[in-house]
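>>> I'll drop the sequence and a predicted model, then ask my questions.
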Amino acid sequence: DSVFAAIVQAPEDPILGVTVAYNKDQSPVKLNLGVGAYRTEEGKPLVLNVVRKAEQFLVNDQSRVKEYLPILGLAEFNKLSAKLILGDDSPAIQENRVATAQCLSGTGSLRVGAEFLAKHYHERTIYVPQPSWGNHLKVFTMAGLSVKTYSYYDPETRGLNFQGLLEDLGAAPAGAIVLLHACAHNPTGVDPTVEQWEQIRQLIRSKGLLPFFDSAYQGFASGSLDADAQPVRMFVADGGECFIAQSYAKNMGLYGERVGALSIVCKAADVAGRVESQLKLVIRPMYSNPPIHGASIASTILKNSDMYNEWKIELKAMADRIISMRKQLFDALTAKGTPGDWSHIIKQIGMFTFTGLNSDQVAFMTKEYHIYMTSDGRISMAGLSSSTVPHLADAIHAAVT
Ligand SMILES: Cc1ncc(COP(=O)(O)O)c(CN[C@](O)(C(=O)O)[C@@H](O)C(=O)O)c1O
């Protein structure tokens, strides 16, 4: 019989599997609040106008060819991506201390960074917040790093367990890698304050820990690209090293184009040059070179000031719609007198609300109300619209009474 006869059926991905279940549901009132993908008020995926414009511009450019990109990707895109997260006036960029590679969106940037660290960095332990994006554990483990967690979320206050965070990172071995969500923490929607970020930075630098930022929602959390990049810029301003994974999936709506970048901020330009050369040895045997189309769209938008400004307006509109959904859900639960304190819905930031509903309550809401969400109680606010808020409020009310 087949040499693969012993292979067992793999479980569905905890996040992407929710969409699989949603697609099978025939109910007219079904609601997909699982995957972090933006939907319009009409519940439809959104291609930004400025993305359509950039694509049209590219299609009309007869001089464009389909040649391989370099291993590190589209150089112009890499420069513009580093500027986007580090700021136009970043000393690290001016001093040529940043090595950047275009990677396959956020996941690919995290994986390339992890593979690089497993090969070149003496400390193989990476501390990931508890909880974190589910895929972090698998990406870092598959790259050969050993994953530990640091306290992050306080279920009592549904806010940050800041003391626990400081204790756990304070106890980490010198040199350990620390994964930090740059903004809009997934799944909790809880971010440190600027003051808390400064304390985290001081602790990380004093212990010689290596910060690895995951920036998947820049501009999507507050609506401001600069505000959402503030924590990253605080760390880079102190001259220390850091890794930064960027994704354009959400803020440019380039989900399926797989557009992202890994930047490694070094202490000296010659180190950055050598790091960049070693990044090529990680990437070449993995996927050789990245796709040209999505990065060309992003680059066209980032380098053209009219398009860049149009993008910022569309980005803020997406962020504002999500904030409005938070308010509407909070108001609906308040109006219904749903038992419990629901203020965390409006206090949390970014794509997700960490409701505090347990897996049994989630299963009930799926079964009885056709609400699709992750079993940890996370809801993608982008999946909601004014017309569907009442249905979700009914489901939550029924689940907690
Ligand atoms: C913190 C974080 N980091 C990286 C990524 C990877 O994103 P990409 O590779 O597409 O650029 C996500 C996306 N996470 C999800 O929005 C989510 O948690 O639903 C979803 O896209 C996913 O892939 O799980 C994320 O939330």
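The structure has been received and is ready for your questions.

>>> Might you quantify the distance of whichever strand or helix holds E276 from its chain's geometric centre?
When elements are defined using DSSP states H and E, E276 is found to belong to helix 269-283. When C-alpha coordinates are averaged (CA atoms, centre = their mean, to the nearest Å), helix 269-283 and its chain have centres 24 Å apart.

>>> With stretch 29-43 instead?
With CA atoms, centre = their mean as the basis, stretch 29-43 stands 17 Å off its chain's centre.

>>> Check stretch 171-189 too.
The answer for stretch 171-189 is 12 Å, by CA atoms, centre = their mean.

>>> Show me which positions of it end up buried.
Of the residues in stretch 171-189, those with enough neighbours to count as buried (16 or more other CB atoms under 10 Å) are 172, 176-189. Using the backbone N, CA and C atoms, a C-beta is placed for each residue, glycine as well.

>>> tell me the mean pLDDT for that stretch?
Averaged over stretch 171-189, pLDDT sits at 97.

>>> Excluding residues flanking it in the chain, which one is nearest the residue of the stretch 201-350 of the chain found nearest the ligand?
Evaluated by CB to the nearest ligand atom, the stretch 201-350 of the chain has S247 as its residue closest to the ligand, separated by 3.2 Å. Nearest in space to S247, with sequence neighbours left out and distances taken as CB to CB, 6 or more residues apart in numbering, is G106 at 3.0 Å.

>>> element containing the one you found, please.
Using DSSP H and E, G106 maps to helix 105-120.

>>> tilt between that helix and helix 269-283?
Taking axes from the mean of the first three to the mean of the last three CA atoms, to 10 degrees, one finds that helix 105-120 is oriented at 110 degrees with respect to helix 269-283.

>>> what mean pLDDT would you report for helix 105-120?
98.

>>> Which neighbouring elements make contact with that helix?
Contact partners of helix 105-120 among helices and strands, from 3 or more CB pairs under 8 Å, 6 or more residues apart in numbering; DSSP states H and E: strand 98-104, helix 134-142, strand 210-215, strand 242-247, strand 259-265, helix 269-283.

>>> picking that back up, pick out whichever of the buried residues of stretch 171-189 sits closest to the ligand.
Proximity of these to the ligand (CB to the nearest ligand atom) peaks at N186, which lies at 3.8 Å.

>>> where does the stretch 251-400 of the chain dip in pLDDT?
For the stretch 251-400 of the chain, not a single residue meets the criterion pLDDT under 70.

>>> got a list of contacts for the helix holding E276?
When contacts are defined by CB atoms under 8 Å, 6 or more residues apart in numbering, helix 269-283 is touched by residues 71-72, 95-101, 103, 112, 115-116, 119-120, 262, 264, 266, 289.

>>> again, only using 7 Å
The contact list for helix 269-283, computed with CB atoms under 7 Å, 6 or more residues apart in numbering, reads 71-72, 95-99, 101, 112, 115-116, 119-120, 264, 266.

>>> on that earlier part again, which one of the helices and strands packed on helix 105-120 lies nearest to V20?
Each of those was checked against V20 via CB to CB, and the shortest separation belongs to helix 134-142, namely 15.1 Å.

>>> Check the average confidence over that closest one, would you?
For helix 134-142, the mean pLDDT works out to 98.

>>> Give me the contact list for that helix.
By CB under 7 Å, 6+ apart, the list of residues contacting helix 134-142 from outside reads 14-15, 107, 110-111, 114, 126, 128, 147, 179.

>>> Can you verify my assumption that S386 contacts Q328?
Yes - counting by CB atoms under 7 Å, S386 does reach Q328; the two are 6.1 Å apart.

>>> The two - which one has more neighbours?
Neighbours per residue, other CB atoms under 10 Å: of S386 and Q328, the larger number sits with Q328, 20 against 11.

>>> does the more buried one belong to a helix or a strand, and which?
Secondary-structure element containing Q328, defined by DSSP H and E: helix 305-336.

>>> what's that helix packed up against?
Taking 3 or more CB pairs under 7 Å, 6 or more residues apart in numbering; DSSP states H and E as contact, the helices and strands that helix 305-336 lies on are helix 49-60, helix 292-303, helix 344-347, helix 389-400.

>>> quick one: which two of the buried residues of stretch 171-189 are the most distant?
Considering CB to CB, no two members of these lie farther apart than A176 and G189, which are separated by 25.9 Å.

>>> Which residue does the protein have closest to the ligand?
Ranked by CB to the nearest ligand atom, the top residue of the chain for proximity to the ligand is G36, at 2.5 Å.

>>> Pop out the phi and psi values for the residue nearest the centre of the chain.
Closest to where the C-alpha atoms of the chain average out (CA atoms, centre = their mean) is A216, at 2.7 Å. With angles defined as degrees, to the nearest 10, A216 shows backbone torsions of phi -100, psi -10.
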